[in-house]
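Colleague: I need the structure of the sequence given here:
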Amino acid sequence: MEDLDVLQFPTYDQYFAAREQIPALAEAPVTLLFESSRGCWWGAKSQCTFCGLNGHAIGYRSKSPVRLLAELHALVERWPCQSIEAVDNILDMNYFETVFPELEKMSLPGPSFFEVKANLRRRHVAQLARAGITRIQPGIESLSDHVLELMRKGTTGLRNVQLLKWCREYGVAVDWNLLYGFPGERDVDYEGMLLVLPAIRHLQQPGACGPIRLDRFSPYFEAPAKHGLINVRAMHVYRFIYPLPEIRLNEIAYYFDYDYEQSVAPSSRALETAELAHRLRTEPCAGSL
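Modeller: Prediction:
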């Protein structure tokens, strides 16, 4: 599907009809989902090493501003809701000049969400807030320049912190995770983060901390030996779901377990960093989001 403008508007009639049959949902808030683009414009240029989203359809395409605005108007006028959320992998940066100025006039029904790249400027964050986009997921997965380079993120730890600061300033919540276990990471990468994390505890803390997952279609999966990953096999949980031989599980699985070659073994300080991030998240300082 190349021309997203020819898609039909989503319809939620059946959802609301079913909802009326369940008394417990009568007062539950409603979030409507919409789609403005498919693929990933950053991944088309430099796919993140651990990302398997989009499969082989990573090429980016987005709806025209006129079409997207018409769809959003139709959604919020037709169905009662408390918020709307984009299901896109990444925001079309052109929308800052075309869509968001119109959303400022439109007044969305409540907190709204977009996935973005962490290269936003201060003016972008301010405009998101004015347009009612009060929650974003910018793909901040580390605060180490070297680890971000291993991911092919195209950003730096300082720029990630800068975005967290601007989001704090404009009241935009940030969904982000601290990931570790990248082949080639070093102890010094996490020693730096052990110093940074306490210094920014007044900013949005990571929602989760954990090891990377090996997904089908990711660069790590497509060329594991190149990255020092060995013994790649279907994630163990599949054995409890499908009564199939190992070779068949490897054919149908999307998530995989793996081991590291000794030369690229992950940092021993990663767990210490994750534990610190978890502690800071569960014991936030006064004034944090």
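Colleague: now the helices for the stretch 151-289 of the chain?
Modeller: 157-170, 187-199, 219-222, 246-252, 270-282 (DSSP state H, counting those that start in this stretch).
Colleague: so for Tyr180, which of those helices sits nearest?
Modeller: With respect to Tyr180, and counting by C-beta to C-beta, the nearest of the helices of the stretch 151-289 of the chain is helix 270-282 at 3.7 Å. To be clear about C-beta, it is placed using only N, CA and C from the backbone, and glycine gets the same treatment.
Colleague: run the chain-centre distance for that closest one.
Modeller: 20 Å (C-alpha atoms, centre = their mean, to the nearest Å).
Colleague: now stretch 236-256
Modeller: On C-alpha atoms, centre = their mean, the centre of stretch 236-256 falls 26 Å from the chain's centre.
Colleague: same thing with stretch 37-51?
Modeller: That offset, for stretch 37-51, works out to 12 Å (C-alpha atoms, centre = their mean).
Colleague: quick one: terminal-to-terminal distance for it?
Modeller: End-to-end distance of stretch 37-51 (C-alpha to C-alpha, to the nearest Å): 18 Å.
Colleague: tell me what Ser37 is bridged to.
Modeller: Ser62 (DSSP bridges).
Colleague: let's have the helices of the stretch 151-289 of the chain in JSON lines, adding distance to Ala234 and mean neighbour count.
Modeller: Formatted as JSON lines, these follow (distance: least, C-beta to C-beta, whole Å; neighbours: other C-beta atoms under 10 Å):
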{"stretch": "helix 157-170", "distance to Ala234": "33", "mean neighbour count": "19"}
{"stretch": "helix 187-199", "distance to Ala234": "30", "mean neighbour count": "16"}
{"stretch": "helix 219-222", "distance to Ala234": "12", "mean neighbour count": "19"}
{"stretch": "helix 246-252", "distance to Ala234": "4", "mean neighbour count": "12"}
{"stretch": "helix 270-282", "distance to Ala234": "24", "mean neighbour count": "17"}
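Colleague: check those helices for me: which has the lowest mean pLDDT.
Modeller: When the helices of the stretch 151-289 of the chain are ranked by mean pLDDT, helix 270-282 comes last with a mean of 91.
Colleague: measure how that helix sits relative to helix 187-199, angle-wise.
Modeller: Here the directions of helix 270-282 and helix 187-199 differ by 10 degrees (axes from the mean of the first three to the mean of the last three C-alpha atoms, to 10 degrees).
Colleague: quick revisit: which one of the helices of the stretch 151-289 of the chain lies closest to Phe240?
Modeller: Going by C-beta to C-beta, the one of the helices of the stretch 151-289 of the chain nearest Phe240 is helix 246-252, 10.9 Å.
Colleague: returning to what we had before: tabulate the helices of the stretch 151-289 of the chain (TSV), appending distance to Ile133.
Modeller: As requested, these are exported to TSV (distance: least, C-beta to C-beta, whole Å):
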stretch	distance to Ile133
helix 157-170	10
helix 187-199	26
helix 219-222	30
helix 246-252	37
helix 270-282	23
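Colleague: for Val87, find the nearest of those helices.
Modeller: helix 157-170 (20.9 Å).
Colleague: what's next to that closest one, contact-wise?
Modeller: 118-120, 122, 125-126, 128-129, 136, 138, 140, 142-145, 148, 172-174, 192-193, 196, 200, 202-204, 289 (C-beta atoms under 8 Å, 6 or more residues apart in numbering).
Colleague: could you redo the last one with a cut-off of 7 Å?
Modeller: 118, 120, 122, 125-126, 129, 138, 140, 142-145, 148, 174, 200, 203-204, 289 (C-beta atoms under 7 Å, 6 or more residues apart in numbering).
Colleague: give me the mean pLDDT for stretch 22-36.
Modeller: Here the average pLDDT along stretch 22-36 is 91.
Colleague: let me fix that: stretch 70-79
Modeller: Rounded mean pLDDT across stretch 70-79 is 93.
Colleague: cheers, nothing more for now.
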